[in-house]
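**Q** Any chance you can model this:
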Amino acid sequence: MTPRLITPADAVESLRRKVHQKWAAAVCADLGVGDPVTFSVPLRPGVSTGSAVARIGHAAWHEWHMGWREFADRQPAGVLIVRKPVSVQGVTEDYPTTLVAGLDAAVALVSGTEPPTLDIARARALASSLRSTGAVLTPATVRAACRLGADDAEVLLSAVTWLRRNPDAGAWSARQLPVPGMHTKWLDTHGALLRDVAGRDVRDEVRSRPTVLHLTYVDPDHTASGRRRHDAWTTGDTHDIAYRPRIVLVVENRDSRLWFPPVPDTIVVEGGGKAAAALLANVPWIRAADHVVYWGDIDADGYAILDRFRATLAEPAPDDAPPKPIPSILMDATDLHRYAQHGVNHDKAGRPINPSPAILPHLTEAEATAYDTVATAGPTPFRRIEQEAIPLAHAATRLLDVSMSSQAGRFRR
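**A** As a prediction, the model looks like this:
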């Protein structure tokens, strides 16, 4: 071990890191969960003899000792400096060897040099309340619970209590749970934390919504008949679609569905964004179509949806329907350059669109080139071309080209 002398400032910084790493474990230990936690910092590692002091230099040793003597005069209550003897130039004295503190004293010490970022009193109170509800208390759950705002923390406590009193949540959907204070989308954000502290995942217990697809009939014979053009199809319902399509086009945005031009034997389906794969993969009449085609935004999310959709339909369906290749339209590198004038770098709220590090293995080479261009962490002309900016007539033409091709494309693996 290389001999070193740790100054008071360095010791406090080291203690700060240890508090950040282990404060939640210390809170749990105070409530009887886990082993006791003590925060300690060695002050002179490798320096326990006079010869080690000589190698460091007596002037440096003296300066270090004086620094700790000054620190000892103003150290907070509960902070202990452990001392052990060292013989220096024939004189044996006790010198600082370890800084030791409990959680409160450690927090008080590190908060003396910077504004406090940790409210130990709140952490203890919240952990104690969770324990009283029968929650699973771990350092990870305590950390996560303490990141919640006051209102969400109260909902978490209410939810754990409610789950303890209701062993079966199957009579409600995720947005119907009668937990005091819980808004309808609370589980979307905090469901994983509730699972960890409750010891059960209520999201797996609640009744699931049936799949509802919004679709538009674009077959010209159908539209000429005067029958309804826009429809919805619900899983498990007795309603059926107006005709069985040879082509299904899945689009990302509503406007692109509502006003899509006539294409024979085609139905245009609104995909539902990132949920598209799960919603559409097991719809029998979609699987039965000769061609299922995807068209989304030219941006990181659009390619991620395509990748997921393609991967999902590459697997057999539960009813043993075979895998389905999913070509795309207007999403390759040529399209990126053709419609570059519509490229943007900010979202609808004016925030910069971030790059994406995701690896998407189910894209074609041309799609991957376009994805790499808009998703790169380096400079790029733009990060998004929205689907609505591309003329629908171009999409209809491209869709017909795909439907007439017997090749679905060679996918990059």
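**Q** Would you map the strands across the stretch 51-200 of the chain?
**A** Secondary structure of the stretch 51-200 of the chain by DSSP state E, counting those that start in this stretch: the strands cover 79-88, 91-101.
**Q** can you redo these as TSV with distance to Pro357?
**A** Every residue, glycine included, has its C-beta placed from N, CA and C. TSV is the format used below for those (distance: least, CB to CB, whole Å):
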stretch	distance to Pro357
strand 79-88	43
strand 91-101	40
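**Q** So which of the ones you listed is nearest His346?
**A** strand 91-101 (48.0 Å; CB to CB).
**Q** Tell me the strands beside that closest one, with direction?
**A** Strand pairing for strand 91-101, determined by DSSP bridges: strand 39-42 (antiparallel), strand 79-88 (antiparallel).
**Q** What is the least confident helix or strand in the chain?
**A** helix 276-280 (a mean of 75; mean pLDDT, DSSP states H and E).
**Q** contact partners of it?
**A** 211, 213, 250, 252, 269, 271-272, 286, 294, 305, 308-309, 311-313 (CB atoms under 8 Å, 6 or more residues apart in numbering).
**Q** Also stretch 224-238?
**A** Looking at what lies outside stretch 224-238 - CB under 8 Å, 6+ apart - the contacts are 210-218, 222-223, 239, 241-242, 258, 283, 285.
**Q** Kindly recompute the last result at 7 Å.
**A** Outside of stretch 224-238, the residues within contact range by CB atoms under 7 Å, 6 or more residues apart in numbering are 210-217, 223, 239, 241-242, 258.
**Q** List the contacts of Val88.
**A** Val88 neighbours (CB under 7 Å, 6+ apart): 50, 53.
**Q** cool, Val100 as well?
**A** Per CB under 7 Å, 6+ apart, neighbours of Val100: 38, 40, 80, 82.
**Q** The last one pairs with what?
**A** In other words, Val82. Thr98.
**Q** And the second one, by the same measure?
**A** When bridges are assigned using DSSP bridges, the partners listed for Ser40 are Val100.
**Q** That one: neighbouring residues, count only.
**A** 16 (other CB atoms under 10 Å).
**Q** Just the pLDDT for it.
**A** According to the prediction, Ser40 has pLDDT 95.
**Q** from what I can see it touches Gly102, true?
**A** No. Between Ser40 and Gly102 there is no contact under CB atoms under 7 Å: 10.5 Å.
**Q** check contacts around the nearest residue to Asp290 once chain neighbours are set aside.
**A** Once flanking residues are discounted, Asp290 sits nearest to Arg246: 4.7 Å by CB to CB, 6 or more residues apart in numbering. The contact partners of Arg246, taken as CB under 7 Å, 6+ apart, are 265, 289-291.
**Q** about what we covered before: now the least confident helix or strand of the chain, how far from the chain's geometric center?
**A** For helix 276-280, the gap between its own C-alpha mean and the chain's C-alpha mean amounts to 20 Å (CA atoms, centre = their mean, to the nearest Å).
**Q** Mind checking what helix or strand follows it in sequence?
**A** Sequence-wise, the next helix or strand downstream of helix 276-280 (DSSP states H and E) is helix 284-288.
**Q** Now that next one: buried residues?
**A** For helix 284-288, burial by neighbour count (16 or more other CB atoms under 10 Å) applies to 286-287.
**Q** Run through who's touching it.
**A** Under CB under 7 Å, 6+ apart, the answer for helix 284-288 is 241, 244, 248, 280, 292, 317, 319, 321, 324.
**Q** give me that answer again for 8 Å
**A** For helix 284-288, with CB under 8 Å, 6+ apart as the criterion, the contacting residues are 233, 241, 244-245, 248, 269, 280-281, 292, 313, 317, 319, 321, 324.
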